[in-house]
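> Quick check, what structure comes out for this input:
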Amino acid sequence: MVQLVGAKRAAYVRTMFARVARHYDRLNRVLSAGQDVKWRRQVIDLALLPPGGKLLDIGTGTGDLAWEALRRDRAAFAVGGDFTVEMMRQGRIRKGREYIQWVSTDALDLPFPTASFDAVTSGYLLRNVIDVRQALAEQYRVLKPGGYAISLDTTPPPPDGWHGPIRFYLQVLIPLIGGLIAGETDAYTYLPESTVRFLRAEDLADCMRHTGFQAVQFRRFMLGTMAIHWGYKL
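I've put the predicted structure just below:
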């Protein structure tokens, strides 16, 4: 499946997330041992939203990042955009998330004017898009000068990390747990495969710099299999 490219890969990813939408958040909690909640808080910390600021969370899924921003500042204007409607439907039924502005959109062609948002966030988006540079270019375009883009995503761990427990976790435990909880072994085989084939953290940082982002940094965690990247627009 991961060998699919272009429109076929995009269609597969959309269908896959639609299938797992009901179980997605619970599986994230289980697979990260609850750490994904802390990581999302770090993303919003790095967004540096001003009071009442405008946030775009692209690839929002059920809206966890957008909701974290609103939880901190109910005056914020938080837009959650995703191309999988089923994921957003799961988010909309949760208490408080009716304050998120839900938008069906493609990360490669955002329907917002240039310089519209104080910050742009994404969680587990970039490894799923068919053109990382275009997705970053769109995020850069809709950011206001001085605004930050922050990405939380899986990343291939350093070469010395591909041993024992990490390999077992990615290649055996994730598909097994996905099959048990969601009945979707295939979908949760995609996760480790897409992680292995995604850009190294250093290469994604270079992509952000090439797009125009300044002071790009990243932070690895979970034995090098996750990373947060951030940078700002001049």
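
> how about the helices in the protein?
Assigned by DSSP state H, the chain shows helices spanning 6-20, 24-31, 35-47, 64-72, 85-92, 132-142, 164-168, 174-182, 187-197, 201-211.

> Can you name the residues that contact the closest residue to S194 other than its chain neighbours?
Counting by CB to CB, 6 or more residues apart in numbering, R127 is the residue found nearest to S194 once chain neighbours are left out, at 5.0 Å. Placement of C-beta: from N, CA and C, glycine included. By CB atoms under 8 Å, 6 or more residues apart in numbering, the contact list for R127 reads D153, T154, S194, T195, F198, L199.

> Just put these in JSON lines and tack on distance to P51 and neighbour count.
Below are the contacts of R127 laid out as JSON lines (distance: CB to CB, whole Å; neighbours: other CB atoms under 10 Å):
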{"residue": "D153", "distance to P51": "28", "neighbour count": "22"}
{"residue": "T154", "distance to P51": "33", "neighbour count": "19"}
{"residue": "S194", "distance to P51": "37", "neighbour count": "18"}
{"residue": "T195", "distance to P51": "37", "neighbour count": "18"}
{"residue": "F198", "distance to P51": "35", "neighbour count": "19"}
{"residue": "L199", "distance to P51": "35", "neighbour count": "17"}
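
> Model confidence for the closest residue to T185 other than its chain neighbours, exactly?
Distance criterion CB to CB, 6+ apart; nearest residue to T185, sequence neighbours excluded, is G179 at 3.7 Å. Per-residue confidence at G179 stands at 79 (pLDDT).

> what do you get for H163?
So H163 comes in at 64 (pLDDT).

> and which of the contacts of R127 is nearest Y232?
Distance to Y232 across those (CB to CB) is lowest for D153, with 18.5 Å.

> could you check the distance from that closest one over to A201?
From D153 over to A201 the distance is 9 Å, taken as CB to CB, to the nearest Å.

> what residues are shared contacts of these two?
Common contacts of D153 and A201 (CB under 8 Å, 6+ apart): A227, H229.
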